[in-house]
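Enquirer: What follows is a predicted protein model with its sequence.
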Amino acid sequence: MFKALWLLALPLPVVHAALDEQVGDFLEQHCYDCHEDGATKGGLRLDNLAADFTEVGSIDIWQEVLEKLETEEMPPKKKEKPATKDRKQLMEWIRARFVEHDIDPVIDHKRRSPEFGNHLDHKALFDGSHPGPAYSPPRLWRFGPHAYDRFVEDVKGLRRAATIHQPFTIDESKGVIADYAAKHFADSATLQLLMMNCQSIAEYQTTGILKREHDGKIHRHQNTPDPFRVILENDESPDQEQLEAAIAWEYQLVLEREPSEAEMISSLAFCKNAMRTAGKKRGLQATLVSIMLKPDAVYRMEIGLGETDVHGRRRLSAIELAFALSFALMDRGPSKVLVGGESLLDLARDGKLESPEQIRSVVKRILDENDMSTADFTMFAQDHKIRNTRVLRFFRDFFGYHHAPRVFKDENRISIDSGFDTRKIVDDCDQFVMNIFDQDKDVLRRLLTSNEYFVAYPGSFEKFEKDLGYIRNNKDDQNFKVNKRYIERTEAAGRTPIPIEGPSSRSYVGFYNIDHEAWDFPTEQPFPLPKEERAGILMHPAWLIAWSGNFDTDPIRRGKWIREHLLAGTVPEIPITVDAVIPEDRHQTLRERLTATTARSCWNCHEKMNPLGLPFENFDDFGRFRKREMLGEVLSIFPDRHREATSVPVDTSGAITGSGERAIEGEVANAFELVHKLADSDLVRQSFVRHTFRYWLGRNETFHDSPTLIAADRAYTENGGSMKTLIASLLASDSFLYRKSQP
């Protein structure tokens with residue numbers, strides 16, 4: 001019957017008809033057990049599927065079949081796997097039919113989205129069954145906001161002179177790698193803002209910008225380079241040599257390179273014509289704007305201009321590689337990234353970035369020479385001068401803890417004296433992750449299990465003394481007398497005061513279960529918090545608040561994060577027909593209210609999340625450790641103000657299920673047991689490697705990247721859990737160095 005339907009549905013050439021029989025046999029052997037009449041798992045039936053690529057319903061099913069085959073999600077792990085040759089033959093057959101009918105495979109679009117990154121068989125990525133060779137597609141990767149900020153900083157004094165808009169925004173979804181090459185384009189809004197900025201920069205470089213300052217007077221802000229000044233201050237028309245010097249100067253500033261012969265000819269012609277039309281000043285400004293809007297001022301060019309190898313891959317040219325490495329590591333061009341006194345650009349030009357060994361050595365040296373010491377930390381909130389911000393942003397993207405300030409909390413629960421300052425808590429977490437990165441030993445394990453925290457640390461003992469001295473002597477502060485009494489009282493008791501002004505500001509340490517009045521502030525940090533209360537970043541108030549709700553904790557999203565980020569799993573999106581609302585009975589614990597999700601229609605998804613998130617019920621939605629959960633309509637965040645409120649012991653039991661790794665499967669008593677199991681897991685480590693790949697490669701991994709992932713994982717483990725070695729391995733890999741168009 002199936003073959004008859006196949007032949008009747010669409011007249012195909014003889015070669016296709018022969019393949020139809022093989023397709024029917026494949027589906028019957030590997031799919032019908034679960035997807036035929038009477039066994040339509042996932043609502044998908046295949047036994048009546050025809051080769052009709054003109055009907056929408058049929059096309060949708062073929063799209064799903066192709067997706068499941070290419071990601072190796074189907075057949076499921078418990079079923080017999082089809083031969084690679086047979087699976088590949090069916091995928092090629094489907095794609096050929098799509099080409100014939102001008103159908104775009106949906107999976108090709110999904111593969112460009114970070115949310116789809118886990119939809120590959122994890123085991124197949126690391127078992128060596130995909131030998132490669134690895135490569136990335138040729139691409140234009142639009143610059144991000146941080147790189148643009150660095151460029152603006154290089155135009156000294158510009159921000160004081162003019163309002164510079166940020167044209168290069170990126171997606172800031174929580175827990176998602178934000179900067180994917182395929183996600184961001186220079187659309188009309190981007191180009192409009194960029195044009196406005198370029199015009200301001202060109203004016204600043206030539207005639208200057210008039211601006212009224214705080215003194216009420218008009219001031220001219222101007223930074224005119226010498227090659228421009230020669231042209232502007234001379235009454236005569238500029239000669240060709242002068243114009244060439246001006247053009248070359250701007251090319252070097254904006255693009256960090258000399259113009260090609262063709263570019264120089266084009267820019268000269270444009271400049272001369274603009275000067276004839278609009279005058280010398282306006283003509284020069286228009287020329288500068290045209291240079292600032294060139295494609296490689298907007299996009300990182302990673303085409304692969306080097307030699308082609310036997311696999312049809314093209315290596316990045318030396319210059320392409322220099323730019324790719326510099327923006328991967330430092331958010332700035334290669335002429336400004338120094339390695340032992342030489343710029344990265346010079347190293348590339350001198351042939352010192354030819355071999356993977358040379359590249360790994362240079363990457364490791366850049367990371368080592370740019371450690372983010374805690375003394376540098378306070379600069380982060382002011383600008384992007386802090387070192388290794390690319391690394392810090394990876395941890396923020398991966399864990400999502402920097403979203404804590406964006407989680408709304410009812411103002412009736414947060415009084416003015418609560419000290420609920422999520423920005424400070426995020427600052428503490430930044431220092432926590434970067435200290436572990438700088439030490440570069442067992443990085444992932446320590447991120448998940450360390451109770452060595454930073455709290456209110458100013459960066460150094462010198463900074464502590466300076467801050468405390470300021471608080472002692474700042475008589476203009478409205479809390480001066482209160483601060484003075486606090487310092488005197490604390491020091492009289494033999495303790496060290498917290499170097500923060502005001503009792504409400506100091507009380508933010510209470511979210512670490514620290515009494516700010518009785519705390520002996522440790523001037524050397526990190527320091528250990530009680531190991532029975534804190535272990536790793538998943539028990540840090542910043543992460544707990546970021547993954548909480550407006551009024552409650554959020555075991556569902558916490559569990560979803562663990563499933564997707566640490567267990568390399570997937571959780572389907574909520575169906576539009578489901579009203580995903582937790583019952584609001586405040587006389588029940590949140591765990592009791594979540595029993596609604598154990599219904600058959602819900603549990604298929606929630607069993608992947610709830611057991612992983614519920615162990616964190618030892619912490620309230622403000623990240624404070626607790627042993628009891630208050631019930632009823634509690635209006636403030638202070639338990640001592642609700643002594644008469646009903647409370648019950650917190651149930652922190654949970655489980656790891658469906659991970660595919662037997663060693664970590666099973667029930668857990670609490671979050672502490674959970675995170676230590678996760679820290680011991682090969683699966684978790686490999687999942688971390690996959691996310692690291694996505695961040696530094698700017699795309700999802702494919703099966704072609706399997707050798708790169710295996711090598712990176714090996715580099716990490718064989719070097720004592722060194723994340724710097726992991727990054728160096730990725731940036732010296734074939735996935736980073738080679739380009740090849742997708743088949």
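Expert: Good, I have the coordinates.
Enquirer: can you confirm residue 51 is in a helix?
Expert: No. Checked against DSSP: H, G, I helix; E, B strand; the rest coil, residue 51 lies outside a helix; its state is coil.
Enquirer: hang on, it packs against residue 20?
Expert: Yes. Under the criterion of CB atoms under 8 Å, residue 51 makes contact with residue 20 at 6.5 Å. (Glycine included, C-beta is placed from N, CA and C.)
Enquirer: between the two, who's got more neighbours?
Expert: In this comparison of residue 51 against residue 20, neighbours counted by other CB atoms under 10 Å, the higher total goes to residue 51 at 22 against 19.
Enquirer: how about the more buried one, phi and psi?
Expert: The phi and psi torsions at residue 51 (degrees, to the nearest 10) take the values phi -80, psi 50.
Enquirer: how near is it to residue 101?
Expert: Using CB to CB, to the nearest Å, one obtains 11 Å as the distance from residue 51 to residue 101.
Enquirer: now do residue 736
Expert: 36 Å.
Enquirer: swap in residue 496?
Expert: With distances defined as CB to CB, the gap from residue 496 to residue 101 amounts to 74 Å.
Enquirer: Give me the more crowded residue out of these two.
Expert: With other CB under 10 Å as the criterion, residue 496 and residue 101 differ in neighbour count, and residue 496 comes out ahead with 15 against 12.
Enquirer: which one is that one nearest to, not counting chain neighbours?
Expert: Distances taken as CB to CB, 6 or more residues apart in numbering put residue 521 closest to residue 496, at 4.4 Å, once the chain neighbours are dropped.
Enquirer: Hmm, that neighbour is touching residue 495, no?
Expert: Yes. Under the criterion of CB under 8 Å, residue 521 is in contact with residue 495, at a separation of 7.4 Å.
Enquirer: Looking at these two, which has the bigger crowd around it?
Expert: Neighbours of residue 521 and residue 495, each counted by other CB under 10 Å, are more numerous for residue 521; the result is 22 against 14.
Enquirer: Now do the same for the residue nearest to residue 496: helix, strand or coil?
Expert: Residue 521 carries the three-state label coil when classified by three-state DSSP.
Enquirer: ditto for the one 4 residues further on
Expert: With three-state DSSP as the basis, residue 525 sits in coil.
Enquirer: For the closest residue to it other than its chain neighbours, give me phi and psi.
Expert: For residue 525, the nearest residue in space outside its immediate sequence neighbours is residue 457; the separation is 4.4 Å by CB to CB, 6+ apart. The phi and psi values for residue 457, taken as degrees, to the nearest 10, are phi -80, psi 120.
Enquirer: Over to residue 695?
Expert: According to degrees, to the nearest 10, the main-chain angles of residue 695 amount to phi -70, psi -50.
Enquirer: Could you do residue 528 as well?
Expert: For residue 528, the backbone dihedrals are phi -80, psi 130 (criterion: degrees, to the nearest 10).
Enquirer: residues contacting residue 614?
Expert: With CB atoms under 8 Å, 6 or more residues apart in numbering as the criterion, the residues that contact residue 614 are 555, 559, 591, 594, 651-654.
Enquirer: So which of those wins on neighbours?
Expert: Highest neighbour count within the contacts of residue 614, by other CB under 10 Å: residue 555, with 27 neighbours.
Enquirer: hmm, back to that, how many neighbouring residues does the residue nearest to residue 525 have?
Expert: By the other CB under 10 Å criterion, the neighbourhood of residue 457 contains 25 residues.
Enquirer: State the distance from it to residue 103.
Expert: As defined by CB to CB, residue 457 lies at a distance of 57 Å from residue 103.
Enquirer: now do residue 257
Expert: In this structure, residue 257 lies at 42 Å from residue 103, with CB to CB as the measure.
Enquirer: and the nearest residue to residue 626 once chain neighbours are set aside, backbone torsions?
Expert: Leaving aside its sequence neighbours, residue 626 sits nearest to residue 620 (CB to CB, 6+ apart; 5.4 Å). In this entry, residue 620 is assigned phi and psi values of phi -80, psi -180 (degrees, to the nearest 10).
Enquirer: Please report how far residue 620 lies from residue 262.
Expert: Using CB to CB, residue 620 is found at 65 Å from residue 262.
Enquirer: Kindly report the same for residue 233.
Expert: Distance of residue 233 to residue 262, given as CB to CB: 30 Å.
Enquirer: Any idea which residue is closest to the centre of this protein?
Expert: The structure's the chain has its C-alpha centroid closest to residue 177; by CA atoms, centre = their mean the separation is 2.7 Å.
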